[in-house]
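*Asks:* requesting a structural model of the entry that follows:
(one chain, ligands or ions: 2)
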Amino acid sequence: MIILGIETSCDETAAAVVHGNGSSLKILSNIIASQQEVHQKYGGIVPELASRRHMEVILPVIQEALDQAKVTLAEIEAIAVTVMPGLVGSLLVGLQVAKGIAFAQGIPFVGVSHLEGHLQAALLEHPKVTYPYLALLVSGGHTLIYHVSLFSRYELIGGTRDDAAGEAFDKVAKILGLGYPGGPLIDKLARDGNPKAIKFPQGKISGHPFDFSFSGLKTAVLNYVRQSCRGEVTSPLLENICASFQETVVDDLVRKTVLAAEEKGVKTIVVSGGVACNSRLREKLPQAFFPSPLLCTDNAAMIAAVGYQYLKKGQTSPWSLNAVANQDAGNPSMNSGSA
Ligand code: KG4
Ligand code: ZN
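*Replies:* Ligands and ions are numbered 1, 2, ... in the order given. Here you go, the predicted model:
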């Protein structure tokens, strides 16, 4: 089955073509048009600008995905599209285009949860990942730990009480006067800093060993910057703050993930979401499976991969399907209706 995946939940316009055959999935193309330059000067995503940019580039991005996969639209057998969670105006662009193409071509479409996409991304590349596995999903919007016993069987074990890990990276980058998104910039600067230079506090929630809190850490960085420098933060303090902040986040993520895997008696650990690109996290969790960076950040191949699993079971979505901004993290799979 040849599937076109579409993802427009946030600030990346993405389309991918995957070929599913039994239990094997092959990525034929995976195109991502980033909107970073649109939002950079605002220090964060502006929802209205995001949906407008999606509208401008979605069709050329889909065409590029088809061209690179060397398939025509007529050869696409089904469409998988992100419907939740995300910016509703952005989600709607992808969903309407998916419905339009599916209707015109007379093929089925299936709505997919962005969370489930991230949770399944590692399976696209690592044949050794088998169920059950423990998944750490760390992105700009989420920091969640799941026990995944089977496809679409997820038990939520822990999550953040306030900021997501990627959000903390982005906010600290803003405090330090760096650009957006902050994660890659902090990661790069941290390589020249001392991770033990400054002791920042790790968030703890009593009675909930697998939950996270990053807002106190963010405030601690802000206070440290206010106390130790007037105006611009310069080298070598900048690199030391980046390295010490990053180390605090990474140590927290690694410790709780490993503890959760032990508690659940699960040997396989999978990490996904944008923060899974972090070089220090990859270094400190060598036993885990990480998707390649292009499959960690938002992409449509992971959406097509999940869609394929549903389509294989005969599940498709009705034309009435709508985009939803929020999703209960306790149920990251998308009940997309029956065929
Ligand atoms: O998964 P993603 O592309 O979008 C969401 O679903 O949120 O994740 C984006 C997040 C941003 O917060 C970005 O700063 C963070 O992932 N990120 C990183 C790195 N690369 C991206 N955080 C830390 N280190 C990185 N190398
Ligand atoms: Zn994401």
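*Asks:* alpha carbons only for contacts and neighbour counts from here, please
*Replies:* Fine.
*Asks:* excluding covalently adjacent residues, which one is nearest to Glu12?
*Replies:* Counting by CA to CA, 6 or more residues apart in numbering, Glu12 lies nearest to Ser34, which is 4.6 Å off, once chain neighbours are set aside.
*Asks:* so which bits of the stretch 201-339 of the chain are right by ligand 1?
*Replies:* By CA under 6 Å from any ligand atom, the residues of the stretch 201-339 of the chain that approach ligand 1 are Gly273, Gly274, Val275, Cys277, Asn278, Thr297, Asp298.
*Asks:* wait, the fifth one touches Asp187, no?
*Replies:* Looking back up the chat, that one is Asn278. Yes: using CA atoms under 8 Å, Asn278 is in contact with Asp187, at 6.3 Å.
*Asks:* looking at these two, which one has more neighbours?
*Replies:* Asp187 (21 against 17; other CA atoms under 10 Å).
*Asks:* now name the helix or strand holding that one.
*Replies:* In the assignment (DSSP states H and E), Asp187 maps to helix 182-190.
*Asks:* mind giving me the packing neighbours of whatever helix or strand comes next after that helix?
*Replies:* For helix 182-190, the following helix or strand on the C-terminal side (DSSP H and E) is helix 215-228. Under the contact criterion of 3 or more CA pairs under 8 Å, 6 or more residues apart in numbering; DSSP states H and E, helix 215-228 touches helix 165-175, helix 237-264.
*Asks:* next, format these as JSON lines and append mean pLDDT and mean neighbour count.
*Replies:* Output for these, formatted as JSON lines (pLDDT from 0 to 100; neighbours: other CA atoms under 10 Å):
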{"stretch": "helix 165-175", "mean pLDDT": "96", "mean neighbour count": "24"}
{"stretch": "helix 237-264", "mean pLDDT": "98", "mean neighbour count": "20"}
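*Asks:* which residues in this structure form helices?
*Replies:* Applying DSSP state H to the chain gives helices spanning 36-39, 47-69, 88-105, 114-120, 165-175, 182-190, 215-228, 237-264, 279-284, 293-296, 301-312.
*Asks:* what lies in contact with the third one?
*Replies:* Contacts of helix 88-105 from elsewhere in the structure, counted by CA atoms under 8 Å, 6 or more residues apart in numbering, are 6-10, 47-48, 50-51, 54-55, 58, 74, 78-84, 108-109, 319, 322-325.
*Asks:* would you mind writing the ChimeraX command to select the buried ones in the residues you listed?
*Replies:* Provided next is the ChimeraX selection string for whichever of those are buried by 16 or more other CA atoms under 10 Å:
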select :6,7,8,9,10,47,50,51,54,55,58,78,79,80,81,82,83,84,108,109,323,324
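*Asks:* now, the contacts of helix 88-105 that are in strands?
*Replies:* Residues of the contacts of helix 88-105 located in strands (DSSP state E): Ile6, Glu7, Ala78, Ile79, Ala80, Val81, Thr82, Val83, Met84, Phe109.
*Asks:* pretty sure Ile31 is touching Val61, no?
*Replies:* Yes: Ile31 lies in contact with Val61 (CA under 8 Å); the separation is 6.6 Å.
*Asks:* could you list the low-confidence segments of the stretch 151-300 of the chain?
*Replies:* For the stretch 151-300 of the chain, no stretch has pLDDT under 70.
*Asks:* if we go to 90?
*Replies:* Where the stretch 151-300 of the chain drops to pLDDT under 90, the residues are 179-181, 204, 229-232.
*Asks:* look up how far ligand 1 lies from Lys199.
*Replies:* Separation of Lys199 from ligand 1 (CA to the nearest ligand atom, to the nearest Å): 19 Å.
*Asks:* one more: Tyr146?
*Replies:* 16 Å.
*Asks:* my read: that residue touches Gln120, true?
*Replies:* No: between Tyr146 and Gln120 no contact is recorded; they are 11.7 Å apart, counting by CA under 8 Å.
*Asks:* more crowded one of the two?
*Replies:* Tyr146 (25 against 22).
*Asks:* any idea what that one is bridged to?
*Replies:* Legend: beta-bridge partners of Tyr146 under DSSP bridges are Ala135, Leu156.
*Asks:* swap in Ala14?
*Replies:* Where Ala14 sits in a bridge, its partners, by DSSP bridges, are Glu7, Ile32.
*Asks:* cool, Val270 as well?
*Replies:* Ala135, Phe289.
*Asks:* residues touching it, list them.
*Replies:* Ala122, Val129, Tyr133, Leu134, Ala135, Leu136, Ala288, Phe289, Phe290.
*Asks:* so what's the residue count around the nearest residue to Asn299 once chain neighbours are set aside?
*Replies:* In this structure, Asn299 finds its nearest non-sequential neighbour in Ala14, 5.6 Å apart by CA to CA, 6+ apart. By the criterion of other CA under 10 Å, Ala14 has 27 neighbours.
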